[in-house]
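S.K.: structure, please.
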Amino acid sequence: MRRRGSASIAANPVLIGAATTLVVIVAVFLAYNANNGLPFVPTYQLSVRVPNAANLVKGNEVRIGGARVGLVNEITPVRLPNGRYEAELGLKLQSSVKPLPVDSTVLIRPRSALGLKYVEITKGTSPRGWPDGSTLPLGRARPRPVEIDEVLNTFDARTRRASQENLLEFGNALAGRGADLNTFIREVNPLLQNLPPVMRNLSNPQTRLVPFFRALARSASIVAPVAQTQADLFANLDTTFAALSDVRGDIQRSITGGPPALTAAIRGFPVQRPFLANSEQLFRELRPGVHALRGTADDLADAFVVGTPALKRSVALNKRLSNTFKALQRFAQDPLTTLGVRDIRNLATILNPTIADLKPVQTVCNDITLWFRNVSSLLSEGDANGTWQRFIVVAAPSGPNNEGGPASTAANGPGADNFLHTNPLPNTPGGGRDNECEAGNEPWLPGRKVIGNVPGNQGTGHDVTKRDLGQ
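M.R.: The predicted structure follows:
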């Protein structure tokens with residue numbers, strides 16, 4: 001019975017035709033939907049925002065590392081709040097890709113020069129992944145590459161003519177210069193060997209090369225208003241260099257001799273630096289004196305004219321003074337000289353406060369000069385009774401306890417001229433005291449005994465000596 005049933009199905013042409021038609025329909029359906037993925041196969045759905053989906057069509061491949069992992073299922077324009085548009089790509093990926101790391105990036109790349117495109121995914125390393133149905137933001141899309149047609153479109157008529165001129169001029173420039181090119185190629189090898197550290201320094205963020213070019217851009221924008229002035233400058237420079245062409249041989253020799261001169265300067269300037277620093281200090285210190293000598297410039301010129309012969313004759317004097325200077329040198333090198341100089345310095349240090357205190361006594365009150373004058377007059381001048389020293393003793397006032405002899409107390413009368421007036425420490429300037437020349441300026445207070453300073457400031461008036469009159 002089985003054999004008879006099987007033979008009846010195989011022998012039935014209607015059943016065989018129906019089965020064949022069903023197989024063909026399924027094959028056509030699968031072929032038609034092949035670009036959209038096989039039916040009943042699980043997929044991983046993602047959406048991606050890209051700046052532009054130009055030349056990308058539905059059904060384009062999605063690749064990872066060059067291997068096809070899915071296709072573009074949908075392309076939808078998305079309007080942004082600012083009025084611009086983006087493209088949102090619906091991707092149907094194989095489930096083996098799931099989950100795609102969140103730091104993965106998307107790039108639309110050309111598949112051929114005919115304009116075909118595909119979506120390339122560069123997988124990231126994040127442990128977190130995008131869940132099914134997620135939308136990758138625009139930040140995950142990399143800038144679109146330059147298309148071949150965009151490159152070809154740059155070669156318009158003007159560019160082609162300029163390229164032809166460049167080829168012609170470069171050809172003329174390189175013609176007959178094979179030996180120079182060989183020399184250049186030979187010499188460029190050391191340059192390339194030394195170039196990597198330079199490039200590393202330039203690429204280092206600490207070099208701040210990017211802010212440098214930004215500053216250059218700002219500088220260019222600042223000088224843009226004076227572009228015509230700069231153009232005139234170059235035109236004037238052309239005139240200048242045209243004038244210098246007559247002396248180009250001298251300029252060439254100057255440039256040829258420049259490197260040896262610079263080498264000598266590199267060796268010599270560090271040695272000359274102390275001398276130059278001392279010279280600069282000398283001229284700075286000479287500036288006030290030279291400024292003061294401006295009014296005597298003519299006299300100085302005459303002095304130089306007159307002094308030149310004398311300076312020539314001073315050579316013989318210098319030779320005769322050599323023994324003197326040698327003696328001074330021996331004196332300076334004597335250890336006892338050092339001790340003496342040290343003692344003089346200590347003496348000056350000790351006397352400095354005293355001299356500083358005595359200075360205003362002389363410069364304001366002339367007390368020291370007047371003291372020596374008065375002492376000299378006291379011992380050498382007088383009248384018929386004798387010198388002033390003797391007359392003081394003879395002409396002492398009368399009365400008890402007068403100043404002519406021993407007394408039991410200070411003179412206190414009874415006569416108006418028999419009162420003691422003594423001021424052992426008269427007020428003098430200096431030491432923070434007021435300027436006052438009290439000695440010799442105290443007023444006489446009749447009928448009163450005065451011991452010490454009188455009341456009030458007596459001023460700075462004083463007698464004038466012959467030396468003062470001479471000045």
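
S.K.: show me where the stretch 251-400 of the chain has its helices.
M.R.: 297-320, 322-333, 335-365, 367-380, 388-394 (DSSP state H, counting those that start in this stretch).

S.K.: and what of the stretch 51-200 of the chain?
M.R.: Using DSSP H, counting those that start in this stretch, helices in the stretch 51-200 of the chain cover 148-153, 157-174, 178-203.

S.K.: make CSV from these and add mean neighbour count to it.
M.R.: Every C-beta, even on glycine, is put in place using the N, C-alpha and C of the backbone. Shown next, in CSV, are those (neighbours: other C-beta atoms under 10 Å):
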stretch, mean neighbour count
helix 148-153, 10
helix 157-174, 10
helix 178-203, 10
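
S.K.: export these to a markdown table and tack on distance to Ala301?
M.R.: Shown next, in a markdown table, are the helices of the stretch 51-200 of the chain (distance: least, C-beta to C-beta, whole Å):
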| stretch | distance to Ala301 |
| --- | --- |
| helix 148-153 | 80 |
| helix 157-174 | 63 |
| helix 178-203 | 58 |
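
S.K.: figure out which of those is closest to Ala231.
M.R.: helix 157-174 (22.2 Å; C-beta to C-beta).

S.K.: re earlier: can you redo the helices of the stretch 251-400 of the chain as a markdown table with distance to Glu169?
M.R.: Below are those laid out as a markdown table (distance: least, C-beta to C-beta, whole Å):
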| stretch | distance to Glu169 |
| --- | --- |
| helix 297-320 | 64 |
| helix 322-333 | 77 |
| helix 335-365 | 83 |
| helix 367-380 | 97 |
| helix 388-394 | 116 |
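
S.K.: among the ones you listed, show the one with the smallest mean pLDDT.
M.R.: Lowest mean pLDDT within the helices of the stretch 251-400 of the chain: helix 388-394, at a mean of 65.

S.K.: mind checking how far the very next helix or strand once past that helix is from the chain centre?
M.R.: Once helix 388-394 ends, the next helix or strand along the chain (criterion: DSSP states H and E) is strand 421-422. Centroid separation for strand 421-422 versus its chain: 74 Å, with C-alpha atoms, centre = their mean, to the nearest Å.

S.K.: the helix or strand just after strand 421-422 pairs with which strands, parallel or anti?
M.R.: Note on strand 421-422: by DSSP H and E, the next helix or strand toward the C-terminus is strand 450-451. Its sheet considered, strand 450-451 pairs with strand 421-422 (parallel) by DSSP bridges.

S.K.: in the protein, spot the strand with the most residues.
M.R.: strand 67-79 (DSSP state E).

S.K.: adjacent strands (with direction) for that strand?
M.R.: Under the rule (DSSP bridges), strand 67-79 has strand 61-64 (antiparallel), strand 85-94 (antiparallel) as partners.

S.K.: I'd like to know how far Leu370 sits from Ile355.
M.R.: 18 Å (C-beta to C-beta, to the nearest Å).

S.K.: who has more neighbours, these two?
M.R.: Leu370 (19 against 11; other C-beta atoms under 10 Å).

S.K.: what's the spacing between the more buried one and Val361?
M.R.: From Leu370 over to Val361 (counting by C-beta to C-beta), the distance is 10 Å.

S.K.: now do Leu167
M.R.: Taken as C-beta to C-beta, the span from Leu167 to Val361 is 100 Å.

S.K.: please compute how far stretch 223-234 lies from its chain's middle.
M.R.: 29 Å.
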